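Asks: Predicted structure and sequence below. I'll ask about it afterward.
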Amino acid sequence: MTRRGLALALFLLVPAVVGAVIVVRAATADGTPRCDGIIKEYGDAERSGVMKPGETCDLYDFADGRSAGTRTYDQQKKAQEEEASDDYLVGGLLLVYGLAAPAVTWKSRRP
């Protein structure tokens, strides 16, 4: 593989693959709110994971152990929906860039 081919693969095709992965992950999200922090249950029990209606998620910055706030079930669901729409946008842009740029490069090299 020539240097030009390697550069083409790294800078153009890799973004297409990454974009496709981001779009697929956003499309396959089931929409059930997940708490990456801590959900306090009855008594002293704590867990993380899938939330149920009426539960509150305590968000933490695990790097320094400080609280980053709380979210209800509905707030977490809305936050995840917004994150998925951002993922569609970013993934779509990377995918279009990664697929269109090689085509433009190839077309411009033809006499």
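Replies: Great, that's in hand. Numbers count the residues shown, from 1 in each chain.
Asks: which residues in the chain form helices?
Replies: 3-8, 14-27, 73-109 (DSSP state H).
Asks: tell me the pLDDT at the residue most central in space within the chain?
Replies: With distances taken as C-alpha atoms, centre = their mean, residue 87 lies nearest the centre of the chain, 5.1 Å away. Per-residue confidence at residue 87 stands at 93 (pLDDT).
Asks: Show me the shaky parts of the protein.
Replies: 1, 42-43, 106-111 (pLDDT under 70).
Asks: hang on, the earlier thing: can you tell me which of the helices of the chain is nearest to residue 60?
Replies: Residue 60 sits nearest to helix 73-109 of all those, at 13.9 Å, using C-beta to C-beta. For glycine as for every other residue, the C-beta is placed from the backbone atoms N, C-alpha and C.
Asks: Buried residues, the closest one. List them.
Replies: Using 16 or more other C-beta atoms under 10 Å as the test for burial, helix 73-109 gives 73, 76, 77, 80, 87, 91, 94, 95, 98, 101, 102.
Asks: Name the nearest of the residues you listed relative to residue 37.
Replies: Taking the buried residues of helix 73-109 together and measuring to residue 37 by C-beta to C-beta, the closest member is residue 76, at 9.5 Å.
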